[in-house]
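Peer 1: Pasted the sequence and its predicted model underneath.
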Amino acid sequence: MRDKLTSWMQGTKPVKTKPAGSGASPASRRSLLQTIVASSNESIRPEWYPRTPKSALPGVLLNIEYDGQKALAKLKLYNPSSMKVYEWLDNSEHHPYCLTDYSRSEIEKIKGVVEHKGFLKIEETSKFYLLLDKEQQLVSIVASDPLAIGGRRDSIREALGREHSWEADIRYTKCYTYDRALTPGLYYKIKEGNLLPVPQKFSVQDAAKIRGLFKTESEEFTLIEEYLPLFLSPAAYLPRISLDIEVGSPHIDRIPDPVTAEHPVTAVALSDDTETGIVFILHRSNEQDAKEPQLPERVAHQYFTEERQLLEAVFHILWRTPILLTFNGDNFDLRYLANRAKKLGIPSPDIPIRLRQGLGSNFEAHLKYGVHIDLYRFFHNRSIQIYAFRNRYREFRLEDISQALLGEGKRELPDLISRIPPDILAEYCWQDTRLTMKLTQFDNNLVLSLILLLMRVSHQGMHDLTRSAVSNWIRSLLYYAHRQRNYLIPHKEEIESLKGKAKTEAVIKGRKYLGAIVVEPQAGVHFNVTVVDFASLYPSIMKAYNISYETVRCSHPECKGNTVPETPHWICTKRKGLTSLIIGVIRDVRVEHFKPRSKDKTLSETQRSWYSVVEQALKVFLNASYGVVGAVHFPLYCAPAAESITALGRYAITETIKQAEALGVTVLYGDTDSLFLSNPGKEQLRKLIEYSERELRVELDVEKEYRYVALSSRKKNYLGVTKSGHVDIKGLTGKKRNTPLFLQRAFMQMVEILRQVQSPGDFAAAKERILRLAREHLAKLDRRDYPVEELAIRMQITKPPDSYVKTTPQHVKAARQLIRAGRDVSAGDIIAFIKTTDGVKPVEHASIQDIDISKYKDLVKSTFEQVLDALGIEWNETIGIRTLDTFFG
DNA sequence: GCGGACTGCTTACCT
DNA sequence: ACAGGTAAGCAGTCCGCG
């Protein structure tokens, strides 16, 4: 046993990995995990921690933190070849501060400021005030620590009052990042105690091409110089470790409580990025000799009889782990480990984890030495789910995400964890750890590269970036831009009082302003349909029409003639809006440079994958750029700006429809930024595209060519078959995740029939096959010939089960039955239930005899009808009656 | 006491 | 904790019905 572990630690064989390149691993290198475990003669917490050398090799800036004891900003740099993290403490005398419009003499009279124990000094300064388009004299109040500025009842911010203090609610680590112009995700080095940026090497060809997109000496040209290193420096390859734990709990269906941590940690598996791993297993003495777990060759294991020793072995590794990956480590694994360790008497300086209360009910687990990425939280980010991964996963368990992205599921545990033999548990634990690592390795380390790119663009460290939502990223990007240009960051209230509220009325009750147009679909089957759409419509509008919080309803009387259609608003003609500038540049670079190259087959796969990472990162910012402007919680919220964007969007699509009709092209359907055109000629298309670019200044592209489209009479519901035989299904019930599996499958069979239709003549036969299919499934329902799980309706419970007070939806009724039977149900869980003749039942409690056949037939009917009405088939006159015939016949 | 018309709530989708 | 617009199903309410 010991010998095996020793030889594993020495790990003589270098690991073969993929070829070098952007985001790729070096051709071969020593395993991070083996290197760490080999240092086992050291104590749990290494003597050299924290490591703040006078000089150090270049390292990627991973995180910007605050050292409370030393009252200094602290940077974590990661050198990938030594696989070690270095710290650097600020040496520039940078201190927390906020701004005020009081004069020096006025401030001296405010006791809460000058007599505050953290007060250091006041300095006169000046900032440009975008909202009023003028320079503003201000005073900067400097303090010794962040809490002196804000965060306590007696903070300086409170003594000044909100109307007289600015930039007082920006977290100090951010403030420091912006003032020092730091870009996390890029290389820095430490030389003679100073932090220096490492000049970035990147492709001169790419840089020249990108510069060429903009006029020299334009504001865009200046901005792009700032962005080139962010977009073009190759992402460092970052060796890393993943972790998963198992806890022996006697309760089935109940997750062990990470606060009380009352049950033993029975297994901990760690993996690095070279497929090397180790599993620590608890083997209680009263059991028989444990079997050897079946693990891959590069994976070692070690049995412990004492849980405390097992935890110390894990901590020995975590004290030396530069980047740790978990799946739900914030709220479970690391939280459990830290609390359990405390309970077992491990002294807290030896515990490598620091727990903090995050936003809402979330906990955050920081690594004292390195940085912890909780992949659950990153994948849970809606922008990542929708824009980076195009909604490929729709639920957030490790199982769902790895199935969707890796095509690899996990083995289900057969039994209660405390009853599973330790060797089997170890195998299961290893499997999850391995999947967690793999989630960052597929597609040339896409996820890690994406994180690095997003860190650079938003100027946020890895810890915050992977835990915050897109509005946070954009806020950070814009605050950075304000600080770089010495613009004062305005208060939300100032924007609102100067610009006012929204002036249009939304279609939906409770919404703030009018949104997009959806064209009434012409129901039926249409052959040769071309779909055109505006490339990034809203960002393009922001760029072309100069939309930004400061330019909408600006203060210059001479701009009032530059009006926005269907609104009382006008746009500045004298100054380029900051948001407009930034979003415009990002849009141009994505559309003109990175997107085409990400699809260019003449480039190597590695090159393409880098272009694609940048393209996807930029897309995330672009897609959210309009939304945040209209989001009340966003600190630069500006309803008039948001409704101007949608108003111009409506203008663009309606004018294009008019033009299409003038050109003799029939518009079959359209939604927000797209138009479905009936068999347009080449020349007509060219003219339409030219028109929108010339007259509307937005780019119109051919997006898709359908062999045919089946439009139902409902908006946002259609099925289209491309010329290559690919089927797009939008909005149809058969595709929704809450539709029972049997019906999703039946629907897919119908789609397959439709996919094969080549010409109008094929429809008669296709219709017959679809009718037969529907009848078969109805008959199968009558025979109750499906597993009951396939009849389950799976619906998410979005709130805590007891907070449904207005109505009690069916899934909540089912959830309450589960709770009565002793199961945990919390917000975000998916409840699977079936319909019975007497209400609903959770599928766990149901048998096939319980189901209400007629309710399921109604479901089949409404699902098929959405397609059948496009094909001109009436359900009642065909299937309904004939089914009765067969029933009585 | 029950069903239809209606409104409102909830979820899942589209752009 | 980015927006508004649409569909669907059900819960709950009101009203008529001798």
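Peer 2: Alright, I've got the coordinates. All of these numbers come straight from a predicted model, not from anything done at the bench.
Peer 1: do you know how far the residue in chain A positioned nearest to DNA strand C is from A:Arg254?
Peer 2: Proximity of chain A to DNA strand C (CB to the nearest atom of the strand) peaks at A:Gly627, 1.9 Å away. C-betas here are computed from N, CA, C, even on glycine. Taking CB to CB, to the nearest Å as the measure, A:Gly627 falls 38 Å from A:Arg254.
Peer 1: Then A:Leu450?
Peer 2: If you go by CB to CB, the gap between A:Leu450 and A:Arg254 works out to 35 Å.
Peer 1: just to revisit the earlier point, neighbour-wise, which of A:Gly627 and A:Arg254 wins?
Peer 2: Shown here are A:Gly627 and A:Arg254; by other CB atoms under 10 Å, A:Gly627 has more neighbours (16 against 11).
Peer 1: distance between stretch A:220-231 and the chain's centre?
Peer 2: For stretch A:220-231, the distance between its averaged C-alpha position and the chain's averaged C-alpha position is 24 Å (CA atoms, centre = their mean, to the nearest Å).
Peer 1: What average pLDDT does it get?
Peer 2: Per-residue pLDDT values across stretch A:220-231 average out to 96.
Peer 1: Stretch A:673-685 too?
Peer 2: For stretch A:673-685, mean pLDDT rounds to 97.
Peer 1: what do you get for stretch A:305-323?
Peer 2: Confidence over stretch A:305-323 (mean pLDDT, whole number) is 96.
Peer 1: List the residues that contact the closest residue to A:Lys687 other than its chain neighbours.
Peer 2: Once its chain neighbours are removed from consideration, A:Lys687 has its nearest residue in A:Leu663; the separation is 5.8 Å (CB to CB, 6 or more residues apart in numbering). With contact set as CB atoms under 8 Å, 6 or more residues apart in numbering, A:Leu663 has these partners: A:Gln684, A:Lys687, A:Leu688.
Peer 1: Please confirm that the first one is located within a strand.
Peer 2: The one in question is A:Gln684. No. A:Gln684 is assigned helix when assessed by DSSP: H, G, I helix; E, B strand; the rest coil, not a strand.
Peer 1: Hmm, A:Gly664 and it touching each other?
Peer 2: Yes. Look at A:Gln684 against A:Gly664 with CB atoms under 8 Å: they come within range, at 6.8 Å.
Peer 1: Between the two, tell me which one has more neighbours.
Peer 2: Of the pair A:Gln684 and A:Gly664, A:Gln684 is the one with more neighbours under other CB under 10 Å, namely 16 against 9.
Peer 1: Tell me the spacing between the more buried one and A:Lys658.
Peer 2: Separation of A:Gln684 from A:Lys658 (CB to CB): 14 Å.
Peer 1: same deal with A:Asp829?
Peer 2: Noted for A:Asp829: a distance of 49 Å to A:Lys658, by CB to CB.
Peer 1: what does the stretch 251-400 of chain A put close to DNA strand B?
Peer 2: Taking CB under 7 Å from any atom of the strand as the criterion, the stretch 251-400 of chain A approaches DNA strand B at residues A:Asn391, A:Arg394.
Peer 1: Please, where are all the helices along the stretch 751-889 of chain A?
Peer 2: With helices called from DSSP state H, counting those that start in this stretch, the stretch 751-889 of chain A shows them at A:763-782, A:810-820, A:853-871, A:875, A:881-888.
Peer 1: so can I have TSV of those helices showing distance to A:Tyr545?
Peer 2: Shown next, in TSV, are the helices of the stretch 751-889 of chain A (distance: least, CB to CB, whole Å):
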stretch	distance to A:Tyr545
helix A:763-782	45
helix A:810-820	44
helix A:853-871	37
helix A:875	47
helix A:881-888	56
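Peer 1: Out of the ones you listed, flag the one nearest DNA strand B.
Peer 2: Using CB to the nearest atom of the strand as the measure, helix A:810-820 is the one of the helices of the stretch 751-889 of chain A that comes nearest DNA strand B, at 6.3 Å.
Peer 1: helices or strands next to the closest one in the packing?
Peer 2: With contacts defined as 3 or more CB pairs under 8 Å, 6 or more residues apart in numbering; DSSP states H and E, helix A:810-820 has these neighbours: strand A:793-796, strand A:830-836, strand A:839-842.
Peer 1: Now do it: everything it contacts.
Peer 2: A:793, A:795-797, A:801, A:804, A:825, A:829, A:831-833, A:835, A:839-842, A:844-845.
Peer 1: among the helices and strands packed on helix A:810-820, which is the most enclosed?
Peer 2: When these are scored by mean count of other CB atoms under 10 Å, the highest mean neighbour count falls to strand A:830-836 (a mean of 22).
Peer 1: Who are the packing partners of it?
Peer 2: Strand A:830-836 sits against strand A:793-796, helix A:810-820, strand A:839-842, with contacts defined as 3+ CB pairs under 8 Å, 6+ apart.
Peer 1: Just give me how far that strand sits from the chain centre.
Peer 2: How far strand A:830-836 lies from its chain's middle: 29 Å, per CA atoms, centre = their mean.
Peer 1: Quick one: mean pLDDT over that strand.
Peer 2: Along strand A:830-836, the predicted local confidence has a mean pLDDT of 94.
Peer 1: do that strand and DNA strand C meet at all?
Peer 2: Yes. Using CB under 7 Å from any atom of the strand, strand A:830-836 reaches DNA strand C at A:Lys835.
Peer 1: Could you tell me the angle between that strand and helix A:853-871?
Peer 2: When axes from the mean of the first three to the mean of the last three CA atoms, to 10 degrees is applied, the directions of strand A:830-836 and helix A:853-871 differ by 110 degrees.
Peer 1: Let me know the angle separating strand A:830-836 from helix A:810-820.
Peer 2: With the same axes, to 10 degrees applied, the angle from strand A:830-836 to helix A:810-820 works out at 100 degrees.
Peer 1: what's in contact with strand A:830-836?
Peer 2: Strand A:830-836 is touched from outside by A:395, A:788-789, A:791-797, A:810-815, A:818, A:825, A:840-844, A:846, A:850-852, A:855-856, with contacts defined as CB under 8 Å, 6+ apart.
Peer 1: circling back to that earlier point, hang on, the residue of chain A closest to DNA strand C in a helix?
Peer 2: Yes. The assignment for A:Gly627 is a helix, going by three-state DSSP.
Peer 1: A:Lys499 versus that one, what's the distance?
Peer 2: Between A:Gly627 and A:Lys499 the distance is 18 Å, computed by CB to CB.
Peer 1: A:Leu648 too?
Peer 2: Distance, A:Leu648 to A:Lys499, by CB to CB: 17 Å.
Peer 1: Over to A:Thr35?
Peer 2: 57 Å.
Peer 1: do A:Lys595 as well
Peer 2: Separation of A:Lys595 from A:Lys499 (CB to CB): 33 Å.
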